[in-house]
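> here is my input, please return the structure:
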Amino acid sequence: MSMHLTRIVCLAMALLASGAPGECRTILDMDGRSVTLPDKISRIVTIGPVPVLNGFLFAFGRQQAIANGLPRELARKYQFVFAPELSTRPVVQSSAGLAVEDLVALRPDLVLSMDRSATDKLSALGLPAVLLKWREPDDVKTLMGLLGDILDERKIAEDYIRYFDATLARIGATLGPVDDAKRPRVLYVNYRRLTQPHKIAEWWIARAGGRSVTDDQRTEESVTFSLEQMIAWNPDVLIVPDRAEVELVKAEPRLRDVSAVRSGRVHVAPGGAHLWANRTIEQPLTVLWAASILYPEKFAHAALESEMRSFYDRFFHVSLSKEQIDEILAGSAGR
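Numbering: from 1, shown residues only. Next up is the predicted model:
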């Protein structure tokens, strides 16, 4: 792009966003797309997996910069604890789709998405839409580095990346070598749909010393199976996304002889900024929590609580009470 054309794009973006001309820069997003952004990012719209994207912004202290609210079907209590402003923000997406006119009216300096088609559509309208990707475990570090560059907060990104690596190394050192044959068989399942919904669970289960029964080197983001297959896997530990699913599992007579049900090792995944079992900036806490339920003799519950308190204070700048920590660990009661 020529310098003259870049200047025109900058002026157009300034009018669309803040209304005042300013400096611009061009970055490459995680799909290799060139995106022209204003030098100062004041208003950010997150679309698609809104709680996931918001969590990244919380870590950069950009709660107040988020211009849109949470879709009803994605709303989680602790999003509003970490960013109370979200309760007053307009919602620009729903199960029916994206309200593009409402989004444009917010005049964002930056739009974050994990969906290529949505990013392309918004870019075609002249919006500064950046595509983020997170399919492989280490992608979160690349993602944080990119956001650090975009938001001019490189030190925060580097601090998180160091924390991510150091926490996983510490968990691994505490676990020590684990014989594959002795690893507990673990199933993370959305029981209502009989689906293992996120491929990243294969990673955090393994890092916590478990053996995921759905880990067959699949490439798909989610995998669906039958109740008969679930029984045949006979997992030692079951992890479900909300408390109601625990009761559903216990009420199913065909599951009574499954090892996890028989031994009472059915757990609800914690839920903070997002459900820990899915993609979330809280992923190091996910691994520590999973290790604590798989190897309670090695990972004390008090140490997990202390790590949570430190994490949310360090990255979200929120001091959680004992009651709030207990509530996060108890998992979601459903949306």
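> please identify the buried residues of stretch 146-157?
146-148, 150-151, 153, 156-157 (16 or more other C-beta atoms under 10 Å). C-beta coordinates here come from the backbone N, C-alpha and C atoms, glycine included.
> next, format those residues as a markdown table and append secondary structure.
Listed next are those as a markdown table, based on DSSP: H, G, I helix; E, B strand; the rest coil:
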| residue | secondary structure |
| --- | --- |
| 146 | helix |
| 147 | helix |
| 148 | helix |
| 150 | helix |
| 151 | coil |
| 153 | coil |
| 156 | helix |
| 157 | helix |
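> quick one: contacts for the residue nearest to residue 277 when sequence neighbours are not counted?
Nearest residue to residue 277 in three dimensions, chain neighbours excluded: residue 269, at 3.7 Å (C-beta to C-beta, 6 or more residues apart in numbering). Contacts for residue 269 (C-beta atoms under 8 Å, 6 or more residues apart in numbering) come out as 188, 239-241, 275-277, 286, 331.
> same question, residue 88
The contact partners of residue 88, by C-beta under 8 Å, 6+ apart, come to residue 69.
> what about it, distance to residue 44?
Taking C-beta to C-beta, to the nearest Å as the criterion, residue 88 is separated from residue 44 by 16 Å.
> next one: residue 136
From residue 136 across to residue 44, the span is 25 Å (C-beta to C-beta).
> so which of the two has more stuff around it?
residue 44 (25 against 11; other C-beta atoms under 10 Å).
> from residue 113, how far off is that one?
Separation of residue 44 from residue 113 (C-beta to C-beta) stands at 11 Å.
> the strands in the stretch 101-250 of the chain, which residues?
Using DSSP state E, counting those that start in this stretch, the strands found in the stretch 101-250 of the chain span residues 110-113, 129-131, 185-188, 195-196, 211-212, 223-224, 237-240.
> pLDDT weak spots in the chain?
Low-confidence segments of the chain, defined by pLDDT under 70, are located at 1-22, 333-335.
> so residue 250 makes contact with residue 260?
No. Distance between residue 250 and residue 260: 10.7 Å, which falls outside the contact criterion (C-beta atoms under 8 Å).
> neighbour-wise, which of the two wins?
Using other C-beta under 10 Å as the criterion, residue 250 and residue 260 rank with residue 260 on top: 22 against 13.
> okay, the more buried one and residue 234: tell me how far apart.
With distances taken as C-beta to C-beta, residue 260 is found 8 Å from residue 234.
> what of residue 326?
The gap separating residue 326 from residue 234 is 31 Å, by C-beta to C-beta.
> who has more neighbours, these two?
Shown here are residue 326 and residue 234; by other C-beta under 10 Å, residue 234 has more neighbours (15 against 11).
> isn't that one right next to residue 263, touching?
No. With contact defined as C-beta under 8 Å, residue 234 does not reach residue 263; the gap is 11.3 Å.
> in this protein, which spans are helices?
3-16, 50-59, 77-82, 100-105, 116-124, 139-150, 154-175, 200-207, 227-233, 243-251, 259-262, 283-294, 301-315, 322-330 (DSSP state H).
> okay if I get these as TSV plus distance to residue 27?
As requested, the helices of the chain are exported to TSV (distance: least, C-beta to C-beta, whole Å):
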stretch	distance to residue 27
helix 3-16	13
helix 50-59	15
helix 77-82	26
helix 100-105	20
helix 116-124	13
helix 139-150	6
helix 154-175	13
helix 200-207	25
helix 227-233	44
helix 243-251	41
helix 259-262	46
helix 283-294	24
helix 301-315	23
helix 322-330	34
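> among the ones you listed, which is nearest residue 215?
Across these, residue 215 has its closest neighbour in helix 200-207 (4.4 Å, C-beta to C-beta).
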